[in-house]
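K.L.:
quick one: sequence and predicted model below, then my questions.
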Amino acid sequence: MLAILKNEFFHTFKSFKSVAIVLFFTLTSVVTASYLTNHPELLGNFDSQAAYTSSIKFLIFFFGFLFVFAVSHDIINREIDYQTIRLLVSKTSRFNIILGKFLGSFLFWIGAISISFLIVSLYARSWFLLDYLTVLTVLFFITCLNIFLSTWISRPSLTMFVGILLGILCPILGFWAAFSSNWYLLPFKYLLPYYYVVESNGYLVIPFVIGILFLAASYFMFNRRDL
């Protein structure tokens, strides 16, 4: 499993899209934190914690699905498409393949977000733990969903299309459902992480649990597939 984890982690970092996203996060964090530090009057009575981390949260909440799908939409099905999956299955269990792929991908996002929060914390001289955990929870959910889609859909080109579509629709439907009482939005309200992010605190456990269920479903589908 460790070999798969390392391979996926470094494979993700080698991608131009991944490097561009990390640089974009870093630059956005530097610009936002620097500007707020040099213009403290802009904070006023506004919560300084929310102000310093607002750019990071905005990027993840509204573009997180697109970022994750753009980087690793084919995380599982590319192995099937290239037929390298047979080599992996011959060397380790299918459970280790799913877990290793997930951890390699998620660790990349932990690294990218940690760099951004570290920069903001150095400027603000404070560590924003709740915001950090909230962003990681959303990324955990999205990464698990990405594993599920790439396991369920066998064609990489199709997961790219579905990923773009979901990347646009999920934030819109998720935030709309979070602040709406319409019955037809209930599936989006309770399945997507946005309602739990709005409620915060203990509710953040729920997207984590849903993500675990996506991973479990991915394993069972992968385990039953004839390779």
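P.N.:
That came in fine, so what should we check first? All values reported here derive from a predicted model rather than from experimental measurement.
K.L.:
middle-most residue in the chain, spatially?
P.N.:
For the chain, L139 is the residue whose C-alpha lies nearest the centre (Cα atoms, centre = their mean; 2.6 Å).
K.L.:
which residue is the nearest non-sequential neighbour of that residue?
P.N.:
Ranked by Cβ to Cβ, 6 or more residues apart in numbering and with sequence neighbours excluded, the top spatial neighbour of L139 is W109, at 4.7 Å. From N, CA and C alone the C-beta is placed, and that goes for glycine too.
K.L.:
tell me the contacts of the residue nearest to the centre of the chain?
P.N.:
60, 64, 68, 106, 109-110, 113 (Cβ atoms under 8 Å, 6 or more residues apart in numbering).
K.L.:
repeat that for 7 Å
P.N.:
60, 64, 109, 113 (Cβ atoms under 7 Å, 6 or more residues apart in numbering).
K.L.:
list the buried residues in the helix or strand encompassing I60.
P.N.:
If you go by DSSP states H and E, I60 is part of helix 48-72. For helix 48-72, a neighbour-count test (16 or more other Cβ atoms under 10 Å) marks 49, 51-57, 59-72 as buried.
K.L.:
one more: stretch 174-181?
P.N.:
Buried, per 16+ other Cβ under 10 Å, within stretch 174-181: 174-175, 177-178.
K.L.:
and the residues you listed, which two are furthest apart?
P.N.:
Farthest pair in these (Cβ to Cβ) is F175 and A177. Separation: 7.4 Å.
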